[in-house]
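S.K.: can't give you the sequence, but here's the structure:
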């Protein structure tokens, strides 16, 4: 699993944790997140 950093706002997406509060389950790869998610 990888982590992704937004160089604009500093947000870190951790694939292992996901974003359950946004409906993105733990283990969801960055490539699988819908294009319209922001």
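M.R.: Thanks, I have it. A quick note: this is a predicted structure, and the numbers were derived from the prediction, not measured.
S.K.: Of all residues in this structure, which one is nearest the centre?
M.R.: Centroid-nearest residue in the chain, with Cα atoms, centre = their mean: residue 13, separated by 3.9 Å.
S.K.: and the closest residue to it other than its chain neighbours, how many neighbours?
M.R.: Spatial nearest neighbour of residue 13, excluding adjacent residues (Cβ to Cβ, 6 or more residues apart in numbering): residue 4 at 4.5 Å. To be clear about C-beta, it is placed using only N, CA and C from the backbone, and glycine gets the same treatment. Residue 4 has 12 neighbours, counted by other Cβ atoms under 10 Å.
S.K.: Tell me how far the residue with the largest distance to the centre of the chain lies from residue 19.
M.R.: Going by Cα atoms, centre = their mean, the residue of the chain most distant from its centre is residue 8, 15.1 Å out. Per Cβ to Cβ, to the nearest Å, residue 8 is found 18 Å from residue 19.
S.K.: And for residue 5?
M.R.: 15 Å.
S.K.: The spatially closest residue to residue 15 that is not a sequence neighbour: how many residues sit nearby?
M.R.: In space, and not counting its chain neighbours, residue 15 is closest to residue 1: 4.1 Å by Cβ to Cβ, 6+ apart. Around residue 1 there are 12 other residues, counting by other Cβ under 10 Å.
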